[in-house]
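Trainee: Structural data only, the sequence is not supplied:
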């Protein structure tokens, strides 16, 4: 199989390295013939190019691997490649989430494969696990710690009692967080992953607006001290639920007992879980990013295309499910930023908030629909809340 890489940075070069230097039978049937780089100065090997058409319009190339990141021009390159009869493999969760249904439809129309295992969970075989479970089971819920950056920050804050800003800077220095960390700390990256996972698992396209999302930007050590006092650890957690012909999703800081798998998931590790009607609960733990874990997932997708693996169900968005914000409920810890205590109290009035003794500006609310709480607090800058 002849392969063209759209991007030859951290992940792209990892794919090239595994294929070119891997001593495995399948790798001998793969060849990277072209790799797109941004500037002429980056062309350091014969197979590198600045001309995207030499990849997406090249009749010699069977499969295009997109590892550029971002939505544009990745979207245009992916769609053009498919229209030109090329399989596409991508690790780009942002473009998959934004155009998931369109990509699946376009691939079917042109008789090509569209694979995206590495876009959710890096090297964790999460998408394959969902597809395998769906062959004989209905997925009733999914969940997980789906972002290594936020998990590194939260678990480090807990272990070393270090402020958020210090931990964020440390994560950036280690390469876990970007210079602009918003996609991670505001939950955008997790929202993309939950959209893809839930849409696949429930066979219905889940739009962004149906995923209430709260990040960790406003967390303080005072919050962590309170959580420690009640024997809890905090993680940024994503989950969704299907019940009959209804579904709901959410992403928010969530408290876990110290003896749970979620609390024991530390540093930049991820944990994913699914529940099926007959299989029960399955958990998958590993590194959700990084050069070789992600590149490994990409090469596995390429090998599936090479071997014409049709053992897994293809995507279908034909289930007529209705979004129901009342499906997911919880009790919450809510802490107002200084000077906004009255605004927070007013927003929580219909939820009967109770002040937490010894925790300034902090309240609890019990058994409220998650989406309603998110909506009530979304316009108050600096507020922090976590599901208890």
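Mentor: Received the coordinates, thanks. As the structure is a computational prediction, the values presented were derived from the model and not from experiment.

Trainee: just the helices in the stretch 151-300 of the chain please.
Mentor: Ranges of helices in the stretch 151-300 of the chain, per DSSP state H, counting those that start in this stretch, are 164-173, 182-185, 188-202, 221-229, 291-306.

Trainee: buried ones in the last one?
Mentor: Along helix 291-306, the positions that meet the burial threshold by neighbour count (16 or more other CB atoms under 10 Å) are 291-306. C-beta here means a position set from N, CA and C on the backbone, and glycine is covered the same way.

Trainee: Please apply the same query to stretch 77-94.
Mentor: Buried positions in stretch 77-94, judged by neighbour count with 16+ other CB under 10 Å: 77-82, 84, 86-94.

Trainee: repeat for stretch 107-115
Mentor: 107, 110, 112-115.

Trainee: So which of these are in helices?
Mentor: Judged by DSSP state H, the subset of these located in helices is 107, 110.

Trainee: Now the buried residues of stretch 107-115 in a markdown table, please, with extra columns for pLDDT and distance to residue 380.
Mentor: Shown next, in a markdown table, are the buried residues of stretch 107-115 (pLDDT from 0 to 100; distance: CB to CB, whole Å):
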| residue | pLDDT | distance to residue 380 |
| --- | --- | --- |
| 107 | 96 | 43 |
| 110 | 97 | 48 |
| 112 | 96 | 47 |
| 113 | 96 | 46 |
| 114 | 97 | 41 |
| 115 | 97 | 42 |
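
Trainee: Low-confidence stretches in the stretch 151-300 of the chain?
Mentor: Scanning the stretch 151-300 of the chain for pLDDT under 70 picks out no residues.

Trainee: which ones are touching the closest residue in space to residue 250 that isn't next to it in sequence?
Mentor: Spatially, and ignoring its direct neighbours in sequence, residue 250 is nearest to residue 370 (4.7 Å; CB to CB, 6 or more residues apart in numbering). Contacts for residue 370 (CB atoms under 8 Å, 6 or more residues apart in numbering) come out as 212, 248, 250, 252, 325, 328-330, 387.

Trainee: between those, which is nearest residue 98?
Mentor: Nearest to residue 98 among the contacts of residue 370 is residue 212, at 18.5 Å by CB to CB.

Trainee: so what's the closest one closest to, chain neighbours aside?
Mentor: For residue 212, the spatially nearest residue (CB to CB, 6+ apart) is residue 374, at 3.8 Å.

Trainee: next SSE after the host helix or strand of that neighbour?
Mentor: Here residue 374, judged by DSSP states H and E, is contained in helix 370-377. Toward the C-terminal end, the helix or strand that comes next after helix 370-377 (DSSP H and E) is strand 384-387.

Trainee: Mind giving me the packing neighbours of that next one?
Mentor: helix 221-229, strand 246-257, strand 329-335, helix 370-377 (3 or more CB pairs under 8 Å, 6 or more residues apart in numbering; DSSP states H and E).

Trainee: and those, which is most packed in?
Mentor: Each of the helices and strands packed on strand 384-387 was given a mean neighbour count from mean count of other CB atoms under 10 Å, and the largest, a mean of 22, is that of strand 246-257.

Trainee: so what's residue 265 up against?
Mentor: Here residue 265 is in contact with 145, 151, 155, 235, 271, 285 (criterion: CB under 8 Å, 6+ apart).

Trainee: Let's see which of those residues end up in strands.
Mentor: Secondary structure from DSSP state E places 145, 235, 271, 285 of those in strands.

Trainee: Could you point out which of the residues you listed is nearest to residue 360?
Mentor: Checking these one by one against residue 360 (CB to CB), the nearest turns out to be residue 235, at 24.2 Å.

Trainee: That closest one is in contact with residue 252, isn't it?
Mentor: No: with contact defined as CB atoms under 8 Å, residue 235 does not reach residue 252; the gap is 10.1 Å.
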